[in-house]
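Show me how the following folds:
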Amino acid sequence: MGCVNSKRVVSSAVGGESPVLNNPSASINVGHDRLSYIDPSSRASSRKNSGILVPSIVEQKQRSGKIRSIGDLLEAKEEGEDGETEKGKRVDRKKQLQKVGEIQAEINYLIDTAVDNVEKKAKRKKLERRSSIGEIGEISVKRDVLQPQPSRRLVGAEQIAAGWPSWLSSAAGEAINGWVPLQADAFEKLEKIGQGTYSSVFKAREVETGRMVALKKVRFDNYQPESIRFMAREILILRRLDHPNIIKLDGIITSRLSSSIYLVFEYMEHDLAGLSSSPEINLTEPQIKCYMKQLLRAVEHCHLRGVMHRDIKMSNILVNNNGILKLADFGLANVLAASGGKQRLTSRVVTLWYRPPELLLGSTSYNVSVDLWSVGCVFAELLTSKPLLKGRTEVEQLHKIFKLCGSPPDEFWKQYHHLPNATMFRPQHPYESSLRERCKDFPPAAVDLLECFISIDPEKRGSASSALMSRFINSEPYACDPSTLPKYPPNKEMDAKYREDRRRIRTKEAKSNSSQGRQPQQVHPERGSDGEQQPAILYQGECESSTRRPTKRRRDRAT
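So this is what the prediction gives:
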C-alpha cells in the first residue's frame, strides 16, 4: 500500500528518514493549527481496492478537519492501513443494497398504483343506462350495474396482487382481466332461491346500498382446470353480451384464500317456471306476446354476437316486478366458430324437455337453431301452462317429438344416418303430425309460429329476427308494455317444486286417512314461503300442534 507505517513516521519526527522527503508528490501542510498529510499512492490504492472512487481515510478526516496533530495523523494512517479496503467494500455493498431497495420500491409502487386505479374505478357511481323503444311491447329499462374498467389490464402477478386467488388467475386469467374481486363481507346472504348441478343461487343484500342481488355460488371439483375453464367461459360470454334482456354480471366475489367464487347478478323476483305453474296466475295473450318479444330480442342478440345459449328453458328466463324479462344461466353456452370453420360440439346439452331431435340423435355439428327449438317449447308452455313434451328418457322424448310433429321424411334420415342414435331411435311406424289438432284452441298465428320453431328440420326453424316479424307478434291484441304487467309475490322454480311436493303429500295423506274413515277438518290458513296461503289440514282426534308438514329432507330434495 502507499501508506507508510507508524514507525517510519515517528522516525521522521525525530530526524530519521521521512516518507515525505522521499516522495516529492507528498506534502504536509501546516497552517491554522491543522496538520495534513496527503499521500497520492494511498489515495490510488484505496480507490483500486474498493472498486469505486472512495476517498481515503486520511482524506476524509482531512476534509472534516479532524487531523490537527501528528497523533491524529498517526491514528488516521493506522485506520487506513487496516480498514481502508474493508471500508470501501462496505460502502460498495451498501450502495448496491440501496439500489436494489430503490428498484423494489419502484416495482411495489407500480403494482400499488395499478390496484388503486382499478379500485377507484370500481367504486365509482354505478352507471344508469336507459333504453326506451317505442310502441308495441317496447321496453323501458333502467340498468344499475357495476362495470369496473381499469386503465390497463391486470395480468399474472398483478391479478394476484389485486386479490384474485392464484388457481383462478392461472386457469381463468383472461376471464377476469381488468376486474378486481368484490369482498364477501360487502353482501348479506338472505336465503337460497335456486339449485343447479354445479351451483347454488342465493338472495342477498348489498350492505352499503341495500340493493338486492343474486349470488351464484360456483363449485369446483378439486380445482380441476377443466371445471374452472367452464366457469371462465361463462364469465367471458356474459362480458361479451350487453342487452337489456340478458342478465348482467355485476362482479365476482372471491379472495386469495377462497376455494369458491360467487357471481353477482341483479336480483329478479320471478322466473317463467314459477309464474306459469302458479294456479293463481293466468297469462293473457298480450302478456305472452310481451314476454316472447323480450325473449326473442335476447336470443337475437346472443346469435348476432355468435353465442349459442344451449339451455333455454322456463327456469332460466327471469322476470322482475317491472315486467322486464332477462335470459340467464349461460353455464352451457358456447361461442360459434368463425365463418367456415369446423367445430365439434357436445350433444349433451339442453334440458331434456327442451332438447331438439338432432341433439337426441347425437349430433355434434349444429348451430343456433337448437336455441330456437327450445324457444318453441317455452312458447307452448306459456300458452298451455304445462310442458309441451315431457319425456323421461331420450328415446321417449324423441318418440314424443315424432308423435307431435310427424315422422321425419327419408331426406332427413339420409342427412343424419351417420349419427350414433339414428338407427336405434328411428320409429318403426310412421307418425302423422298432431300439432294443429293438439293446439286447436290457440290463435292460428300462434300455431304457425310454434310450427316453425319446432320443425324437425333445423334449417326450417327460421331465426329470432324473423320470429320478431311474425304475424303473431305483430297482430292484435298487441303485446302490452312491461310496466303495465301485474306484480306478483316472488315466484321461482323452487317455489313451484315446493308447491307440487306439498300437493303430493296432502293428496297422499288424504287418501291414507280416507281409507281409515277419518274426516279432514280445515283450520286456520298458513302462509308458505312463496307467499300463497295454504290451508292446514287437521284430522279428527289430533291436536293442532301435530299438523303434518313436509319434512326438511323432503323440502331440500324438492329444491
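
by contact count, what packs against the helix or strand that contains Lys289?
In the assignment (DSSP states H and E), Lys289 maps to helix 285-304. Using 3 or more Cβ pairs under 8 Å, 6 or more residues apart in numbering; DSSP states H and E, the elements in contact with helix 285-304 are strand 317-319, strand 325-327, helix 369-384, helix 464-468. Yep, even glycine has a C-beta here, placed from its N, CA and C like the rest.

Report the mean per-residue pLDDT for that helix.
Averaging pLDDT along helix 285-304 gives 97.

ditto for stretch 164-184
The model assigns stretch 164-184 a mean pLDDT of 82.

Mind listing what's buried along it?
164-165, 168-169, 171-173, 175-182 (16 or more other Cβ atoms under 10 Å).

Where does the residue nearest to Lys460 when sequence neighbours are not counted fall, secondary structure wise?
Leaving aside its sequence neighbours, Lys460 sits nearest to Cys452 (Cβ to Cβ, 6 or more residues apart in numbering; 7.1 Å). Using DSSP H and E, Cys452 falls within helix 444-453.

how many degrees apart are that helix and helix 369-384 in direction?
Helix 444-453 and helix 369-384 are oriented at 150 degrees to each other (axes from the mean of the first three to the mean of the last three Cα atoms, to 10 degrees).

Show me what helix 444-453 packs onto, helices and strands only.
helix 369-384, helix 435-438, helix 464-468.

could you give the mean pLDDT of the longest one?
Along helix 369-384, the predicted local confidence has a mean pLDDT of 97.

Can I get it in PDB, CA atoms only?
Below are the C-alpha coordinates for helix 369-384, written out as PDB (Å, rounded to 0.1, in the frame of the first residue of the first chain):
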ATOM      1  CA  SER A 369     -81.300 -23.400 -34.400                       C
ATOM      2  CA  VAL A 370     -81.100 -25.600 -31.200                       C
ATOM      3  CA  ASP A 371     -82.000 -22.500 -29.300                       C
ATOM      4  CA  LEU A 372     -85.000 -21.800 -31.500                       C
ATOM      5  CA  TRP A 373     -86.400 -25.300 -30.800                       C
ATOM      6  CA  SER A 374     -86.100 -24.500 -27.100                       C
ATOM      7  CA  VAL A 375     -87.800 -21.100 -27.600                       C
ATOM      8  CA  GLY A 376     -90.700 -23.000 -29.300                       C
ATOM      9  CA  CYS A 377     -91.100 -25.300 -26.200                       C
ATOM     10  CA  VAL A 378     -91.100 -22.300 -23.900                       C
ATOM     11  CA  PHE A 379     -93.700 -20.600 -26.200                       C
ATOM     12  CA  ALA A 380     -96.000 -23.600 -26.000                       C
ATOM     13  CA  GLU A 381     -95.600 -23.800 -22.200                       C
ATOM     14  CA  LEU A 382     -96.600 -20.200 -21.900                       C
ATOM     15  CA  LEU A 383     -99.800 -20.900 -23.900                       C
ATOM     16  CA  THR A 384    -100.800 -24.100 -22.000                       C
END
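
What is the most widely separated pair among the buried residues of stretch 164-184?
Across the buried residues of stretch 164-184, the longest distance by Cβ to Cβ is 19.7 Å; it joins Ala171 and Leu182.

on that earlier part again, quick check, the residue nearest to Lys460 in contact with Glu459.
No. With contact defined as Cβ atoms under 8 Å, Cys452 does not count as touching Glu459 (11.5 Å).

Compare those two (neighbour count), which wins?
Cys452 (16 against 9; other Cβ atoms under 10 Å).

so which of the buried residues of stretch 164-184 comes closest to Ile235?
Distance ranking of the buried residues of stretch 164-184 against Ile235, using Cβ to Cβ, places Ala175 first at 4.1 Å.

For that closest one, give me its contacts.
If you count contacts by Cβ atoms under 8 Å, 6 or more residues apart in numbering, Ala175 has them with 231-233, 235-236, 239.

Going by neighbour count, which of these comes out on top?
Met231 (22 neighbours).

show me the contacts for that one.
So Met231 contacts 172, 175, 218, 220, 261, 331 (Cβ under 8 Å, 6+ apart).

Kindly recompute the last result at 6 Å.
Met231 sits next to Val218 when contact means Cβ atoms under 6 Å, 6 or more residues apart in numbering.

Surely it is in a helix?
Yes. Using DSSP: H, G, I helix; E, B strand; the rest coil, the assignment for Met231 is a helix.

What separation do you get for it and Gly163?
Using Cβ to Cβ, to the nearest Å, we find Met231 at a distance of 18 Å from Gly163.

so where's this structure uncertain?
Within the chain, the segments meeting pLDDT under 70 span 1-94, 97-156, 221-223, 255-258, 339-341, 493-503, 514-559.

Sweet, I'm off.
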